[in-house]
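**Student:** Everything below, folded, please.
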Amino acid sequence: MTRIVPALKNYDWGDDTFIPQLLGLSVSSSPVAEAWFGTHPAGEATLADGSPLSRATGPLPFMVKFIAAAKPLSLQVHPSLDQARDGWQRENSAGIAIDDPHRNYRDDSDKPELLIALTPFHALCGFHDPAATTGWFRAMQWQHLADVLERDGIEGYVRAALIDHSLSAPTNLPPWASELRTLHPDDPAILVALLMHWVELAPGECLALEAGVLHAYLSGNAVEVMNGSDNVVRAGFTTKHCDRDELLRITNFEPMSSPIRR
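**Tutor:** The predicted structure is shown next:
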């Protein structure tokens, strides 16, 4: 039996203790956000002797990650297989380097993922029924937001928020949304978050995310199983590249029931 050593990702939203302690590693001096067990070139795991995992397994079509979110991740969506292949080819033809921070498609694979909570875990995932959301908006006295959602639907509202910048965030936000606005005070993505399911997972509960499902992980620790892909299109809550036009193009705007799976 040979131990697999994951590729660690030191993103600023990570935690400096959870993943090192979970995996028996030295405590990090910088946040450890993710540990990748896979063969993706953006972060290939190694064997105990330092050789790449793919030398023993060949390219793996899946990846397992541990994630530790001390702060919210970006509001984001993953593409379908056809969308990934189209985006990969389009960005290659445009001469955008694979490691360019403005690139959306770093491979030609879709990225369905299953997240299983290891600790209490908070997330935004998918859209509420717009009629119910409109009722909530009116109860909160957010009349203009309710009018736009009622008239233009989810996609029209999201476009007004992210592209047209014609909506303003209300002041009387629920606590989770107030925390997001404190971290990202001028980000229009907060308006989109108000349309989404805010969920709290207990350890062992999970989210199953198909292509096109808008989501943002907010806090907690989890394990993810996904296709071996690093394709992410972002809309906000991050200093990384956001491509809101592309996100609008590939997002599924159909409402969904509670996304939590047990």
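
**Student:** low-scoring pLDDT stretches of the stretch 151-262 of the chain, where are they?
**Tutor:** Scanning the stretch 151-262 of the chain for pLDDT under 70 picks out no residues.

**Student:** Please enumerate the helices of it.
**Tutor:** 175-183, 189-193, 244-250 (DSSP state H, counting those that start in this stretch).

**Student:** who touches the shortest one?
**Tutor:** Looking back up the chat, that one is helix 189-193. With C-beta atoms under 8 Å, 6 or more residues apart in numbering as the contact definition, helix 189-193 has outside contacts at 75, 124, 145, 157-158, 161-162, 167, 169, 173, 177, 180-181, 184, 214, 216, 235-237. Every residue, glycine included, has its C-beta placed from N, CA and C.

**Student:** From those residues, which land in strands?
**Tutor:** Counting by DSSP state E, the contacts of helix 189-193 place L75, L124, A216, A235, G236 in strands.

**Student:** OK, contacts around the first one?
**Tutor:** With contact taken as C-beta under 8 Å, 6+ apart, L75 is in contact with L124, A189, V192, A193, L214, H215, A216, R234, A235, G236, F237, T238.

**Student:** Tell me the one of these nearest S30?
**Tutor:** Distance to S30 across those (C-beta to C-beta) is lowest for T238, with 17.7 Å.

**Student:** so the closest one touches K71, yeah?
**Tutor:** No - applying C-beta atoms under 8 Å as the test, T238 and K71 come out as separate, 10.2 Å apart.

**Student:** between these two, who's got more neighbours?
**Tutor:** Ranked by neighbour count (other C-beta atoms under 10 Å), T238 and K71 place T238 first, with 21 against 17.

**Student:** Nearest spatial neighbour of the more buried one, chain-adjacent residues omitted?
**Tutor:** Computed as C-beta to C-beta, 6 or more residues apart in numbering, the closest residue to T238 that is not its neighbour in sequence is S74, at 3.7 Å.

**Student:** how many neighbours does the one you found have?
**Tutor:** Using other C-beta under 10 Å, S74 is surrounded by 22 other residues.

**Student:** can you check R55 too?
**Tutor:** Here the number of neighbours of R55 (other C-beta under 10 Å) works out to 12.

**Student:** quick one: contacts for it?
**Tutor:** R55 sits next to L47 when contact means C-beta under 8 Å, 6+ apart.

**Student:** Distance of it relative to S178?
**Tutor:** 49 Å (C-beta to C-beta, to the nearest Å).

**Student:** Then D110?
**Tutor:** For D110, the distance to S178 - C-beta to C-beta - is 34 Å.

**Student:** Those two - which one has more neighbours?
**Tutor:** Using other C-beta under 10 Å as the criterion, D110 and S178 rank with D110 on top: 21 against 13.

**Student:** these two touch, right, the more buried one and V213?
**Tutor:** No - using C-beta under 8 Å as the test, D110 is too far from V213 to be in contact (12.0 Å).

**Student:** Which stretches in this structure count as strands?
**Tutor:** With DSSP E as the criterion, the chain has strands at 4-5, 7-9, 34-37, 46-47, 62-69, 75-77, 113-117, 121-127, 196-201, 206-209, 215-227, 233-236, 260-261.

**Student:** can you redo those strands as CSV with distance to F253?
**Tutor:** CSV is the format used below for these (distance: least, C-beta to C-beta, whole Å):
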stretch, distance to F253
strand 4-5, 39
strand 7-9, 30
strand 34-37, 28
strand 46-47, 41
strand 62-69, 25
strand 75-77, 11
strand 113-117, 20
strand 121-127, 7
strand 196-201, 11
strand 206-209, 15
strand 215-227, 14
strand 233-236, 13
strand 260-261, 20
